[in-house]
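[1] Kindly return the folded structure for what I paste below:
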Amino acid sequence: MDRIVLAVATQITLVFGVGVMAGVIAVVALAIRKEDRLRSLTQPSPSAATRGARRLNGVGLRTITPRDAEEVPR
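    Here you go, the predicted model:
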């Protein structure tokens with residue numbers, strides 16, 4: 001009986017973990033779509049979901065202005 005309880009508990013934990021990961025991926029995907037639709041990568045994040053997606057993807061505020069010539073290392 002103990003082995004069955006352990007197996008069921010393991011399966012429940014795995015299903016819960018997969019659900020959490022799928023939820024995170026879905027929220028990030030929706031946030032990325034919102035960023036693309038609003039073309040907002042060069043502006044501050046429009047929502048908390050897009051801020052979280054930027055953080056998970058390692059993207060901060062993107063600037064498209066060229067650097068000054070003296071700032072560029074040679």
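[2] So which residue is dead centre in this protein?
    By CA atoms, centre = their mean, the chain has its centre lying nearest to Ala53, at 3.2 Å.
[3] And the pLDDT at the nearest residue to that residue once chain neighbours are set aside?
    Nearest non-adjacent residue to Ala53, counting by CB to CB, 6 or more residues apart in numbering: Ala31, 3.6 Å away. For the C-beta atoms, the positions are set from N, CA and C on the backbone; glycine is no exception. We have a pLDDT of 90 for Ala31.
[4] go on, Val18?
    Listed pLDDT for Val18 reads 97.
[5] ok, it to Pro44 distance?
    Using CB to CB, to the nearest Å, Val18 is found at 33 Å from Pro44.
[6] before we move on, the earlier item: can you give me the distance of the residue nearest to Ala53 to Gly17?
    21 Å.
[7] list the helices and strands the helix-or-strand element of the chain with minimal mean pLDDT packs on?
    One helix or strand of the chain scores below all others by mean pLDDT, DSSP states H and E: helix 48-57, with a mean of 85. Where contact means 3 or more CB pairs under 8 Å, 6 or more residues apart in numbering; DSSP states H and E, helix 48-57 is packed against helix 2-38.
[8] what comes up buried for the helix it packs on?
    28, 31-32, 34-35 (16 or more other CB atoms under 10 Å).
[9] Make JSON lines from these and add distance to Thr13 to it.
    Listed next are the buried residues of helix 2-38 as JSON lines, based on distance: CB to CB, whole Å:
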{"residue": "Val28", "distance to Thr13": "23"}
{"residue": "Ala31", "distance to Thr13": "27"}
{"residue": "Ile32", "distance to Thr13": "29"}
{"residue": "Lys34", "distance to Thr13": "32"}
{"residue": "Glu35", "distance to Thr13": "33"}
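[10] between the residues you listed, which is nearest Ala48?
    For the buried residues of helix 2-38, the minimum distance to Ala48 (CB to CB) is 9.0 Å, reached by Ala31.
[11] contacting residues for the closest one?
    Contact partners of Ala31, counting by CB atoms under 8 Å, 6 or more residues apart in numbering, are 47, 49-50, 52-53.
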